[in-house]
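A.B. asks: no sequence on this one, just coordinates:
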C-alpha cells in the first residue's frame, strides 16, 4: 500500500523532483519495450485488480466515508464510488487496452521523393505524462494502462478524496509491471495530499514532464490551464447540447433525451441543454419533458417552454452556460437547425453535441457548422467516451485544437518522428 508523505513544502518539492527523475529514467526502456511485454503487464494488472477486488472495495469504503464527512457533492460521490461491477469494468478496460494495436512504431504515412529519398512518419511515445485528477479512482487504472500501451511513463496525482482507492488500484498496476519485468517507475502515484505537489507538476518537474492531463472539476482544470508550463490536454467544462429537429422520430427523441441527461448525470458527456425545434413544440416538447420529469430531472425552461409545460423553473441567463453535473436540464425552443447551431456556437464548451433528426440535410449542416470535439446523430451524448469509441479507455476528453481532440486514447498519447532513407543523396 502507498506510504503517505506528509512533510514541509520543501520536502514535497524534493519528493516530486525525485519522482520526475525516476519517471524520465523509465522513459527510454518503456519506449523500446516490446508489445508482448506491455500486453503481459496489462493482463497481469487486470488479473490483480480482480484478485484484489475486496482490498480495493475496502479502501474505497474509507474514501466514501471521508467523502460524506467532508460534504462532497453528489456528482463527486458518484465518481468516487466503486462497486464490484465498476471494478470488473476497470479490469475489462485494461484488457481491452491490451488487445488494441500497439501504436508505437506504426507508420502513419510514407512517400518517395523525386531524388529517391523514402520518407516515413512514425508514431513515437510522447514522453512522461502527468495526470492530475479528482474523485475518480478508475482514472488510476485507465491512465496507467493507456500510457503504458503508448510507451509513456506516467505520474498520477489523485485527489485526497480518492487516495486510498487509487493506492489500492496502483498496487495492482505495479504488480503487473513487475510480472512483465518493466520498470516499476513507469507508473507512479504521488504519495502526498500536499497541494504543492500539483504546483510542482505544473512547473514540469525540471523538464521531466512532457504533457499534463487534468481530470476533475472546473476549478482544477482552470488552474492547470492557467499555470502549466507544459502542454495540456483538457476540457474546461462539458456543456453538452441535445437538439431535437422537426424531423426527429418522437419515440427515439424521448429515449435518447432521458439517457443523455439521466444515465449518469455526473459525467462530462451528460446533456446539460435541450434544444427543441419550434416547429414540433406542439408534438415533441411535452412528451420529452414529461419523460425527463418522470426520471427525476429538474427542468429549467425558457418563457416559451413554460407556457406549455408549467412543471418547470424559469431559466436564467446562467442556465445556458452551466454544467450542472446533476439531474437538471435547461430547455429552449429554437428556429430549426439554424437556431440550434447559433445557440450552440454561442454557449457551447465545444465538448459534445447531438442532433436527433431524419432530415439528412439538417444533420449535415449540424455536423459541418458546429465546431465541437464530438458530434452525434441519433445517439446519446453519453457515448462521448473513449471506451465507447473502441479505444479501450480514455484519459479524458480534450477540446483544444492542437494534437489531441475528443477522447484521449493510446494514439493521442503518441507523437511522431520522420525516418528518411537514402542511397547516398546529397543536397545540391
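C.D. replies: Thanks, I have it. Since the structure is predicted, the reported quantities are computational estimates derived from the model, not experimental observations. Numbers count the residues shown, from 1 in each chain.
A.B. asks: Quick check: which element contains the nearest residue to residue 414 once chain neighbours are set aside?
C.D. replies: Counting by C-beta to C-beta, 6 or more residues apart in numbering, residue 123 is the residue found nearest to residue 414 once chain neighbours are left out, at 4.4 Å. C-beta: built from backbone N, CA, C; applies to glycine. In the assignment (DSSP states H and E), residue 123 maps to strand 118-125.
A.B. asks: List the neighbouring strands of that strand plus their orientation.
C.D. replies: According to DSSP bridges, strand 118-125 forms sheet pairs with strand 107-112 (antiparallel), strand 414-421 (antiparallel).
A.B. asks: My read is that residue 171 contacts residue 52, right?
C.D. replies: Yes - with contact defined as C-beta atoms under 8 Å, residue 171 reaches residue 52; the gap is 7.4 Å.
A.B. asks: ok so, going back, pairing partners for whichever helix or strand comes after the strand holding residue 123, with directions?
C.D. replies: Sequence order places strand 129-133 as the next helix or strand after strand 118-125, per DSSP H and E. In the sheet, strand 129-133 lines up against strand 154-157 (parallel), strand 211-215 (parallel) (DSSP bridges).
A.B. asks: If you average the pLDDT over stretch 13-24, what comes out?
C.D. replies: In this model, stretch 13-24 has a mean pLDDT of 97.
A.B. asks: Give the buried residues for that stretch.
C.D. replies: Within stretch 13-24, the residues scored as buried using 16 or more other C-beta atoms under 10 Å are 13, 15-16, 19-20, 22-24.
A.B. asks: ok, back up a step: ok, the residue nearest to residue 414 - contacts?
C.D. replies: Residue 123 sits next to 103-106, 108, 411, 414-416 when contact means C-beta atoms under 8 Å, 6 or more residues apart in numbering.
A.B. asks: okay, those in a markdown table with pLDDT next?
C.D. replies: Shown next, in a markdown table, are the contacts of residue 123 (pLDDT from 0 to 100):
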| residue | pLDDT |
| --- | --- |
| 103 | 95 |
| 104 | 97 |
| 105 | 95 |
| 106 | 96 |
| 108 | 95 |
| 411 | 91 |
| 414 | 95 |
| 415 | 94 |
| 416 | 95 |
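A.B. asks: List only buried entries from those residues.
C.D. replies: 103-104, 411, 414.
A.B. asks: dump the residue contacts of residue 386.
C.D. replies: 392-395, 407-409.
A.B. asks: give me that answer again for 7 Å
C.D. replies: Contacts for residue 386 were tallied using C-beta atoms under 7 Å, 6 or more residues apart in numbering; they are 393-394, 407, 409.
A.B. asks: domain assignment for this protein?
C.D. replies: With domains defined by automatic domain parsing, the chain comprises 9-233+408-420, 240-383.
A.B. asks: and of the strands paired with strand 118-125, who's closest to residue 159?
C.D. replies: Closest approach to residue 159 among the strands paired with strand 118-125 (C-beta to C-beta): strand 414-421, 27.4 Å.
A.B. asks: From the contacts of residue 386, pick the one nearest residue 31.
C.D. replies: Distances from residue 31 to the contacts of residue 386, taken as C-beta to C-beta, are shortest for residue 409 (18.1 Å).
A.B. asks: I'd guessed the closest one sits against residue 391; true?
C.D. replies: Yes - counting by C-beta atoms under 7 Å, residue 409 does reach residue 391; the two are 3.3 Å apart.
A.B. asks: Thanks a lot, catch you later.
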